[in-house]
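Trainee: based on what follows, work out the 3D shape:
(chains A and B)
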Number of protein chains: 2
Amino acid sequence: MPAFLTSSPGKVILFGEHAVVYGKVATAGSLGLRSTALIQTRTDMTISATLPDVQLDRAWSVADLPVQERWTEYPFPPPTMNADLLDQLEQIVNLRKQTNRSQAAIALLYLHAHLATKAVLEQGFDFSVRSSLPVGAGLGSSASYSVCVATALLQINGFLTPEMDNATKRDLVNQWAFQAEKVIHGNPSGIDNTVSTFGGAVAFKKGQIEPLPEFQSLRFLLTNTRVPRETQVQVANVRKRRDRFPNIIDPVLDSIDSISVSCKELFSHHNLTRAELLAQFGDLIDINHGLLIGLGVSHPALEKVREISSKLGLKSKLTGAGGGGCALTLIRDDVTAEVVEAIKVLLGAEGFQCFETSVGGPGAGVLPLKQNMPMAYFLDTDKEALDARAGWQYFA
Amino acid sequence: MPAFLTSSPGKVILFGEHAVVYGKVATAGSLGLRSTALIQTRTDMTISATLPDVQLDRAWSVADLPVQERWTEYPFPPPTMNADLLDQLEQIVNLRKQTNRSQAAIALLYLHAHLATKAVLEQGFDFSVRSSLPVGAGLGSSASYSVCVATALLQINGFLTPEMDNATKRDLVNQWAFQAEKVIHGNPSGIDNTVSTFGGAVAFKKGQIEPLPEFQSLRFLLTNTRVPRETQVQVANVRKRRDRFPNIIDPVLDSIDSISVSCKELFSHHNLTRAELLAQFGDLIDINHGLLIGLGVSHPALEKVREISSKLGLKSKLTGAGGGGCALTLIRDDVTAEVVEAIKVLLGAEGFQCFETSVGGPGAGVLPLKQNMPMAYFLDTDKEALDARAGWQYFA
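Mentor: Sure thing, here's the model as predicted:
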């Protein structure tokens, strides 16, 4: 099999963080920031993994790696995780437990153990990944990795055939990516891998995930304040505030629920111009941020992003757990490149890290590489740059 | 009659601005910033008015001023305003119409026309007022003036007798102050004069005003951003946002309603320590401000107050219509004088005007002056300083 790339996006929460904990609807979208994997077959019956972003560079002899017996749903994943297999892989990988590096390696080998076919077992492969997603910033970098792994192992073992429809491909990739996420996180919600696989945007509520097919791709500036997030602390603070003032906080959660509903409706109003849609989307951003202040989860660094962007007429909100982490700033179509540059300079001067990106772009995809294709394909993890070199087969 | 002082506070909205327009409860409190009037009888049958804060310094011969015939409810005000009398006074005063100066003079003479008794008509009096309230900042400076006028004219004409109970005195002062407010504003809500007369704090909803007798006086820093308020613009913007997103904004208004309810409950929880009460009051301030951002009525200058105060661990919210105007910062009992000085310096450096004051203090009062009492009594409009020289008879 010739070498190929797999690629999948990170995710951001657009609306509904925290409220989702109380059974409200939240909205998330795929990010233009992506992870990309290069898969090349080997001839020495070795599986190698090169993940510079988590400092992993290891190789294992295929003969030393466990392989699972086939089960009923094959090639869809078995219904329960295999704890014995996880223990076994932990010993083989033998890295400090529960680190990104260790979990990434175990997730790869866990999927290999289930999906390996004869051809792969007799050859081996090299699996290399780069990501433009900051790790641990709430942007779904691990799900993006998991989707890359799942797509890669399904592709190299021949399960993503040209005859298979995209809906089945998506489903197969998403289910295996969810297994990889379980290896990495224990008890993930499934939202991150779904957004990374499907791309676009989704609404989710109590574990139910609904794609938003009418969502249009939007430009954003994503700002990492570099203030460490403490998700559990923020979730606990909101709970305390709600316990103390239920009659104040419950309507706030209802209001946030309606923001996700209004977001979905915005994209169904076919009589809205794009400019009107963006103006109203900006209002939703502004309102949701105010309500998050009401929940007590903002931070001076996030307010600084709001201050700077509002000076230039742009709307921002925190995204994720708050108390630090990232903020999203909507870049309307009429915003000039000079304004975007200005805001990036101003935010950079505060020590923040800015990413100009899109939300709502494609999900997982495969790009078969032609002979002698330059490595630039692989190293450039910018989706637009990758797209410019046509040939990507996205499943969504 | 010996000279005497009357004094009454300004008001500040603690919670519920904007939501009150939609029939929700709002909470307002009396400010430590007050207006104080000095009333001295004359012997030349002249009424003079000296109001340096609005550049008024005029005198009229008693004989030239209209006096009303007595009516059924006397000395309580008649049920309707007398438009002919207002026209007549406008001609007598003969100042540029609808200015603070003109309205203040007409209000004084309108109450005089109704309340003047024989003794006063045969002597005249001088009425001088100073106020520490900024004019036109939404802090009830006109109501505070109206209450001073009403108290002064009721006192000099002998209607506030030692035998009368305080409840009746309050009611009488408040009803006449409301008449003066109608002269000044046309269609006032009655909230400002009620807070100024009663002091303390009140909850109000759809024109119904409920005193909050358990409210404890709290220290605040009041910051005038000097950004001009445009109340009608802000009210219209909230209405637009609500028309567009009713399912988002209505729960926000419900939440704000619950903040006023929770505020009232806080002061009824007799098992809360003062420190706990202040911490929870701070949470209510923080939540209400976030919701006001959600309504779209904050302003960069108000956010700057929040930024500076939050650096020093203090909670702030905008007060009034927003889009400029004033912000309130709660000064907990444990905040040191150094911290208060620091925040005043930092806010002053932004060009803002700061007032260290209290909310929830006494309402209208009278202080009979002894012979040869120094004018410092009159010139010092700080309530604490006035209180320090005992003898004030507050009606609430």
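Trainee: how is chain A partitioned into domains?
Mentor: Taking automatic domain parsing as the criterion, chain A consists of the domains A:4-214+A:362-394, A:218-359.
Trainee: out of these, which gets nearest to residue B:20?
Mentor: domain A:218-359 (16.2 Å; Cβ to Cβ). Where C-beta positions appear, they are placed from N, C-alpha and C, glycine not excepted.
Trainee: for the closest one, the distance to its chain's centre please.
Mentor: 18 Å (Cα atoms, centre = their mean, to the nearest Å).
Trainee: that domain and chain B in contact?
Mentor: Yes - Domain A:218-359 is in contact with chain B by Cβ under 8 Å from any Cβ of the partner chain, via A:241, A:244-245, A:247-252, A:254-255, A:258-259, A:261-262, A:280, A:283-284, A:286-296, A:298, A:300, A:303-304, A:306-307, A:310-311.
Trainee: so which of these sit within strands?
Mentor: Judged by DSSP state E, strands contain none of the residues of domain A:218-359 next to chain B.
Trainee: buried subset of those?
Mentor: A:241, A:245, A:248-252, A:254-255, A:258-259, A:261-262, A:280, A:283-284, A:286-296, A:298, A:303-304, A:306-307, A:310 (16 or more other Cβ atoms under 10 Å in any protein chain shown).
Trainee: quick check: mean pLDDT across stretch A:246-253?
Mentor: Here stretch A:246-253 scores 98 as its mean pLDDT.
Trainee: put the alpha carbons of it into CSV.
Mentor: Listed next in CSV are the C-alpha coordinates belonging to stretch A:246-253 (Å, rounded to 0.1, in the frame of the first residue of the first chain):
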residue,chain,number,x,y,z
PRO,A,246,-30.8,28.2,42.4
ASN,A,247,-33.5,30.8,41.4
ILE,A,248,-30.8,33.1,39.9
ILE,A,249,-28.6,30.5,38.2
ASP,A,250,-31.3,28.1,36.8
PRO,A,251,-32.7,30.8,34.4
VAL,A,252,-29.2,31.7,33.4
LEU,A,253,-28.7,28.0,32.3
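Trainee: for the stretch 151-300 of chain A, give me the ranges with low pLDDT.
Mentor: Residues of the stretch 151-300 of chain A meeting the criterion pLDDT under 70: none.
Trainee: what residues does stretch A:67-75 touch?
Mentor: A:78-79, A:82, A:85, A:112-116, A:121, A:154, A:157, A:159, A:172 (Cβ atoms under 8 Å, 6 or more residues apart in numbering or on different chains).
Trainee: most neighbours, which of the residues you listed?
Mentor: residue A:112 (26 neighbours; other Cβ atoms under 10 Å in any protein chain shown).
Trainee: SS state for that one?
Mentor: helix (DSSP: H, G, I helix; E, B strand; the rest coil).
Trainee: just to revisit the earlier point, wait, which of the domains of chain A is closest to residue B:201?
Mentor: It's domain A:218-359; of these, that one is closest to residue B:201 (Cβ to Cβ) at 18.3 Å.
Trainee: just the endpoints, please. Distance across the closest one?
Mentor: Terminal residues of domain A:218-359 are spaced 5 Å apart (Cα to Cα, to the nearest Å).
Trainee: do the same with stretch A:202-218
Mentor: 14 Å.
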